[in-house]
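**Q** Structure, please.
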Amino acid sequence: MIIADLSETEGRCYPARRTTKNLVGGMSPIRTKNFCMGYVTLEPNGGQVPWHNQEQEEIYFILDGTGEMCLGEERQIMTSGQVVYIPQEVYHQLTNIGDKPLQMIYCYGPAGDVAHWRQELSGTLPKAGIDVPPLPKGAHPQCTEKPVR
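**A** Predicted coordinates for the structure are as follows:
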């Protein structure tokens, strides 16, 4: 039996002020072909999963906190207990707009790499409205700052 323990899983910190812990797939001891799952903490007041798209379909399940979800041309506030479905290839972004950490679970399938992780760490994330479609009107700006090392 293979068990991944959230409390023992090392996370990766990203420039957009979030920590991601792979629970299934990625660097997790649980390897799968059909899906990946992880736990994400977005820092208060602007921590973000920046504007991106991917080949996989995905869901975000908000465990705690309040965020602005942008999906294609739509923008909506999400709170604890809500789940959003993200179709494949549709641009999306989640920003913590609250004063406390936003905690969520993502699940996408099929399993595989998501390019925006590498792009964000290297400072090459495509910019909304320049390299990729614009964010919905009134959306929190996309974080594209190169990491400071």
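**Q** Dig out what the residue nearest to residue 98 when sequence neighbours are not counted forms beta bridges with.
**A** Computed as CB to CB, 6 or more residues apart in numbering, the closest residue to residue 98 that is not its neighbour in sequence is residue 66, at 4.0 Å. Every C-beta, even on glycine, is put in place using the N, C-alpha and C of the backbone. Beta-bridge partners for residue 66, by DSSP bridges, are residue 79.
**Q** List the contacts of residue 66.
**A** 77, 78, 79, 80, 96, 97, 98, 102 (CB atoms under 8 Å, 6 or more residues apart in numbering).
**Q** So which bits of the helix or strand of the chain with the lowest mean pLDDT are buried?
**A** Of all helical and strand segments in the chain, the minimum by mean pLDDT, DSSP states H and E falls on helix 115-122, at a mean of 90. Neighbour-count burial for helix 115-122 flags 116, 117, 120, 121 (criterion: 16 or more other CB atoms under 10 Å).
**Q** Present those as CSV; the columns should include distance to residue 107.
**A** Listed next are the buried residues of helix 115-122 as CSV, based on distance: CB to CB, whole Å:
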residue, distance to residue 107
116, 16
117, 16
120, 20
121, 22
